[in-house]
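*Asks:* Predicted model and sequence follow; I will ask about them next.
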Amino acid sequence: MNKRIFVPALFSLVLVSLFLPFVKYEAFGFELFTRTGFQLAYELDSVIFIQVLALAALAGIILSLMGNKSTASIITFSGAVGLVSLGIYMFSIISKTPDPYIGSNIVLEYGSYLAFIAILAATLLSFINLQSPSSKGSVNPGRMVPGAGPLGRATPQGRPYGSESSNINQQVNTPYESRGYHPQTSPVHHAMPPAGYQSPTAAAQRNVPQHYQQVVTGPASGNPKLVGISGQYAGQKIDLGSGPVTIGRDPSIANLVYMQTKQEVSRKHCTISYDFNRHSFTIIDSSTNGTYLLPHQRIIQGKPVQIYSGSRFFISDPNEQFEVRFE
């Protein structure tokens, strides 16, 4: 089940509950009449707390359906405002003392309790999503199949390769300099080596796999590869020897293309390359939601980061995981 629908569904449930009985008016123990949430807000009563609740729920629905990371904190704030507003109103009703002369009293009905539970759940869930690496939550992976193009270029299922105007060979073989990266002058921030990496002398003594030694001693045998470990491109192997590979949702920019529904992946998410002069891999993050080296080290956006053969990373969603290595 798509988790993205949970928050807007809960906010929608708040609006639905406003059509249900919210309070009941009694006199000497006999029911006089009931009021729904919308009657309280927009008819004779005009209760400001219920009006705020309705507006907060409506804002929560619209913003959560937009699926934009920049709105995640606003969604949480809207839910919190609606929750506090409803809480104040319910407390005022519960704490109200019945009139001893005419025996009148106001009692909360099931609609008010349903609204409170729904707005509480929506606020908590949106706050949890805000704290996660992918603030928009998980989305079902886009259905993609490998295209016929070079470098394992993938296109959406049912969409023929070549229907896009971009030239893959031109993208792949574009010099680093035209992409804003100058190998001789750009700073490279080194990531920590994979577990098991040793100095060349110690590695020789302990027979550490050769691809860990290549950082210092030179390239290992085989070609540099980008390998899909899990997610949409699991099992796919892309040659990095011909040039950098870009991952993203925009087919005019990316070599590995994700569906537009994969909103946590940016149009241009990150670029991975192999530098034959340095004998090392480099990754540059260009995304909103981040690119992470395992276990959970976020790469600074726009900064070239040198990584090692055997290093793994994921793009926003931990399920979309890749590894660089020689084969």
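*Replies:* Yes, it's here. None of these values were measured; they are calculated from a predicted model.
*Asks:* show me where pLDDT drops low in the protein?
*Replies:* Applying pLDDT under 70 to the chain picks out residues 1-4, 44-45, 67-70, 99-103, 131-221.
*Asks:* Can you tell me how far L256 is from S242?
*Replies:* According to Cβ to Cβ, to the nearest Å, L256 stands 14 Å off from S242. For glycine as for every other residue, the C-beta is placed from the backbone atoms N, C-alpha and C.
*Asks:* ugh, wrong one, F28
*Replies:* Taking Cβ to Cβ as the measure, F28 falls 87 Å from S242.
*Asks:* the more surrounded of these two?
*Replies:* S242 (15 against 10; other Cβ atoms under 10 Å).
*Asks:* Assign the residue lying closest to L130 once chain neighbours are set aside to helix, strand or coil.
*Replies:* Distances taken as Cβ to Cβ, 6 or more residues apart in numbering place A72 nearest to L130, at 4.7 Å, with adjacent residues excluded. Under DSSP: H, G, I helix; E, B strand; the rest coil, A72 falls in the helix class.
*Asks:* A72 against S126, yeah?
*Replies:* Yes. Counting by Cβ atoms under 8 Å, A72 touches S126, with 6.9 Å between them.
*Asks:* For those two, work out which one has more neighbours and name it.
*Replies:* S126 (29 against 23).
*Asks:* and the helix or strand hosting that one, what does it pack onto?
*Replies:* In the assignment (DSSP states H and E), S126 maps to helix 110-131. Packed against helix 110-131 by the contact rule (3 or more Cβ pairs under 8 Å, 6 or more residues apart in numbering; DSSP states H and E) you find helix 6-17, strand 21-27, helix 37-42, helix 48-66, helix 72-94.
*Asks:* could you redo the last one with a cut-off of 6 Å?
*Replies:* Helix 110-131 sits against helix 6-17, strand 21-27, helix 72-94, with contacts defined as 3 or more Cβ pairs under 6 Å, 6 or more residues apart in numbering; DSSP states H and E.
*Asks:* So which of these is the most surrounded?
*Replies:* Of all these, helix 6-17 has the most neighbours on average by mean count of other Cβ atoms under 10 Å, namely a mean of 21.
*Asks:* Give me the contacts around it.
*Replies:* The contact list for helix 6-17 (Cβ atoms under 6 Å, 6 or more residues apart in numbering) reads 57, 60-61, 64-65, 111, 114-115, 118-119, 121-122, 125-126.
*Asks:* Now the buried members of these.
*Replies:* 57, 60-61, 64, 111, 114-115, 118-119, 121-122, 125-126 (16 or more other Cβ atoms under 10 Å).
*Asks:* export those to a markdown table and tack on distance to I229?
*Replies:* Converted to a markdown table, the buried ones among the contacts of helix 6-17 look like this (distance: Cβ to Cβ, whole Å):
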| residue | distance to I229 |
| --- | --- |
| A57 | 40 |
| G60 | 36 |
| I61 | 36 |
| S64 | 30 |
| G111 | 49 |
| L114 | 44 |
| A115 | 44 |
| A118 | 39 |
| I119 | 40 |
| A121 | 34 |
| A122 | 34 |
| L125 | 29 |
| S126 | 30 |
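*Asks:* And the closest residue to S286 other than its chain neighbours, its phi and psi?
*Replies:* Among residues not flanking S286 along the chain, K268 sits closest, at 4.8 Å (Cβ to Cβ, 6+ apart). Phi and psi for K268, reported as degrees, to the nearest 10, are phi -120, psi 100.
*Asks:* I'd say K268 and I247 touch.
*Replies:* No. K268 is beyond contact range of I247, at 8.3 Å (criterion: Cβ atoms under 6 Å).
*Asks:* what about these two, which has more around it?
*Replies:* The residue with more neighbours, out of K268 and I247, is I247; 27 against 18, by other Cβ under 10 Å.
*Asks:* any idea how the chain splits into domains?
*Replies:* 3-131, 144-326 (automatic domain parsing).
*Asks:* List every C-alpha atom in stretch 299-313, with coordinates, as PDB.
*Replies:* The C-alpha trace of stretch 299-313 is given here as PDB (Å, rounded to 0.1, in the frame of the first residue of the first chain):
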ATOM      1  CA  ILE A 299      26.900  13.800   0.900                       C
ATOM      2  CA  ILE A 300      27.300  17.600   0.900                       C
ATOM      3  CA  GLN A 301      25.300  18.900  -2.100                       C
ATOM      4  CA  GLY A 302      27.500  20.100  -5.000                       C
ATOM      5  CA  LYS A 303      30.800  18.800  -3.500                       C
ATOM      6  CA  PRO A 304      32.700  16.100  -5.400                       C
ATOM      7  CA  VAL A 305      33.300  13.200  -3.000                       C
ATOM      8  CA  GLN A 306      35.900  10.500  -3.700                       C
ATOM      9  CA  ILE A 307      34.600   7.000  -2.900                       C
ATOM     10  CA  TYR A 308      36.200   3.600  -3.000                       C
ATOM     11  CA  SER A 309      35.600   0.400  -4.900                       C
ATOM     12  CA  GLY A 310      33.100  -1.500  -2.900                       C
ATOM     13  CA  SER A 311      31.400   1.700  -1.500                       C
ATOM     14  CA  ARG A 312      27.600   1.700  -1.500                       C
ATOM     15  CA  PHE A 313      25.200   4.600  -1.500                       C
END
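*Asks:* That's all I had, so thanks and see you.
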